[in-house]
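In: need a structure here:
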Amino acid sequence: MLRNKSNEALVALLLVAPFVAIYGLIFIYPTIKLFIVSFQDAPIIGNGPFVGFENYTRLWGDRRFNTAFWNTAYFVALTVIPGTLVAFAIALGINRLKGRLQALVLALFFLPYILPVSVVYLIWDWTLNFQFGIAMHLFDLLGLERVSIFKNTTWFMPAVAFVTIWWTCGFSILLFLAGLRAIPAEIYEAAALDNSSVWTTFRKLTWPLMWPITALVLMIQLILQLKIFDQVYLFSIGGRPNDNLVLVYYVFQRAFQYDQGGRAGAAAVVLFLIVIIVSVLNFQLTRLSKGRG
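Out: Purely as a prediction, here's the structure:
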């Protein structure tokens with residue numbers, strides 16, 4: 001039977017229309033509004049006079065923005081690649097387990113991922129708090145001097161990075177396990193017949209076959225950690241928040257503490273462009289590596 005193409009197109013448009021409307025309302029319109037506000041001397045609510053690129057030029061002379069930029073880069077370096085490698089190593093170990101033991105160990109590693117950030121904060125504050133933390137009592141038993149980890153600029157970012165890896169690696173482990181289970185068992189059987197060592201099998205078979213999953217995990221982690229805010233905000237309570245600034249925290253301060261919507265918008269646009277550029281570069285590098293493979 002001949003189909004009425006115009007009717008099919010109309011039905012397709014009607015089905016897609018709700019999604020397009022919601023997407024435009026909660027993403028497209030706010031993004032356009034963000035770019036407009038970034039060129040204005042505007043408060044957080046309302047418009048202001050047009051100032052051109054002044055908000056952007058003032059960013060690079062702002063000591064707090066420079067601190068936020070480099071803290072974000074430092075945090076990404078501490079979490080993205082180390083977190084991916086940790087998740088991959090754990091997934092390799094879990095993949096060797098069988099039955100209920102495998103399910104139990106996987107559940108234990110995945111459990112932190114479903115916790116809200118407030119619970120994660122309380123758990124690690126109870127563990128590492130200078131006055132009553134469990135770890136501090138262990139320091140006392142070992143005769144070591146207590147360290148105020150979350151109030152010390154040197155230790156703050158590494159500690160928050162460690163907590164973040166503990167909190168988020170469960171999802172990455174699931175992705176790696178899915179990739180490992182998708183590798184045909186016949187490949188490893190053939191490698192065993194050739195007397196391939198464990199390291200050779202991993203380097204020649206497992207790692208190349210797992211590279212697409214690894215690239216996906218790297219991209220997800222990179223985008224997530226560039227937008228880090230919750231952990232830094234919570235663990236900075238009672239400490240020195242201006243020394244622990246990250247880009248989203250800087251935007252929060254400018255927008256909601258100083259009512260400088262224009263400058264906050266400019267910082268948000270810079271972060272938005274960084275995320276896009278890094279994502280595109282990561283995608284292109286992934287394509288190039290697959291082409292060479």
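In: only C-alpha atoms for contact and neighbour calcs from this point on.
Out: Will do.
In: name the element residue 44 belongs to?
Out: Under the criterion DSSP states H and E, no helix or strand holds residue 44.
In: now do residue 74
Out: helix 63-95.
In: roughly how far is that helix from the heart of the chain?
Out: How far helix 63-95 lies from its chain's middle: 8 Å, per Cα atoms, centre = their mean, to the nearest Å.
In: likewise stretch 125-143?
Out: On the basis of Cα atoms, centre = their mean, stretch 125-143 sits 29 Å off its chain's mean C-alpha point.
In: Using PDB, write out the CA atom coordinates for that stretch.
Out: Taking Å, rounded to 0.1, in the frame of the first residue of the first chain, the C-alpha atoms of stretch 125-143 are listed here in PDB:
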ATOM      1  CA  ASP A 125      33.900  14.500  57.100                       C
ATOM      2  CA  TRP A 126      33.400  12.000  59.800                       C
ATOM      3  CA  THR A 127      36.400  10.100  58.500                       C
ATOM      4  CA  LEU A 128      38.900  13.000  58.000                       C
ATOM      5  CA  ASN A 129      37.600  15.700  60.300                       C
ATOM      6  CA  PHE A 130      40.500  17.200  62.300                       C
ATOM      7  CA  GLN A 131      38.700  17.000  65.600                       C
ATOM      8  CA  PHE A 132      36.700  13.800  65.600                       C
ATOM      9  CA  GLY A 133      37.600  12.000  62.300                       C
ATOM     10  CA  ILE A 134      38.200   8.300  62.500                       C
ATOM     11  CA  ALA A 135      41.400   8.700  60.500                       C
ATOM     12  CA  MET A 136      42.700  11.300  63.000                       C
ATOM     13  CA  HIS A 137      42.300   8.800  65.900                       C
ATOM     14  CA  LEU A 138      44.400   6.300  63.900                       C
ATOM     15  CA  PHE A 139      47.000   9.100  63.500                       C
ATOM     16  CA  ASP A 140      47.000   9.400  67.300                       C
ATOM     17  CA  LEU A 141      47.400   5.700  67.800                       C
ATOM     18  CA  LEU A 142      50.400   5.700  65.400                       C
ATOM     19  CA  GLY A 143      51.900   8.700  67.100                       C
END
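In: Stretch 175-186: which residues count as buried?
Out: Across stretch 175-186, burial judged by 16 or more other Cα atoms under 10 Å covers 175-177, 179-180.
In: Pull out the buried residues from stretch 206-223.
Out: Buried residues in stretch 206-223 (16+ other Cα under 10 Å): 206, 209-219, 221-223.
In: Please apply the same query to stretch 192-210.
Out: By neighbour count with 16+ other Cα under 10 Å, stretch 192-210 contains the buried residues 201, 206, 209-210.
In: same thing with stretch 227-244?
Out: Residues of stretch 227-244 classed as buried: 227-229, 231-236, 239, 241-244 (neighbour count, 16+ other Cα under 10 Å).
In: so which of these comes closest to residue 45?
Out: Closest approach to residue 45 among the buried residues of stretch 227-244 (Cα to Cα): residue 229, at 21.9 Å.
In: how much space is there between the residue nearest the centre of the chain and residue 230?
Out: Centrality entry for the chain: nearest residue to the mean C-alpha point is residue 224, 2.0 Å, by Cα atoms, centre = their mean. For residue 224, the distance to residue 230 (Cα to Cα, to the nearest Å) stands at 11 Å.
In: Repeat that for residue 99.
Out: Noted for residue 99: a distance of 36 Å to residue 230, by Cα to Cα.
In: Kindly report the same for residue 260.
Out: Distance, residue 260 to residue 230, by Cα to Cα: 21 Å.
In: Check residue 245 too.
Out: From residue 245 over to residue 230 (counting by Cα to Cα), the distance is 12 Å.
In: quick one: low-confidence ranges for the stretch 101-250 of the chain?
Out: The model of the stretch 101-250 of the chain has pLDDT under 70 over residues 238-239.
In: so what pLDDT did the closest residue to residue 43 other than its chain neighbours get?
Out: Among residues not flanking residue 43 along the chain, residue 261 sits closest, at 4.4 Å (Cα to Cα, 6 or more residues apart in numbering). Reading off the confidence values, residue 261 has pLDDT 90.
In: pretty sure residue 261 is touching residue 39, no?
Out: No: assessed by Cα atoms under 8 Å, residue 261 is found out of contact with residue 39, at 10.0 Å.
In: of the two, who's got more company?
Out: Neighbour totals were compared for residue 261 and residue 39, and residue 261 leads with 26 against 21 (other Cα atoms under 10 Å).
In: Between the two ends of stretch 218-233, what distance do you get?
Out: Stretch 218-233 has an end-to-end distance of 24 Å (Cα to Cα).
In: so how far is it from its chain's centroid?
Out: Counting by Cα atoms, centre = their mean, stretch 218-233 comes out at 3 Å from the chain centroid.
In: Alright, calling it a day.
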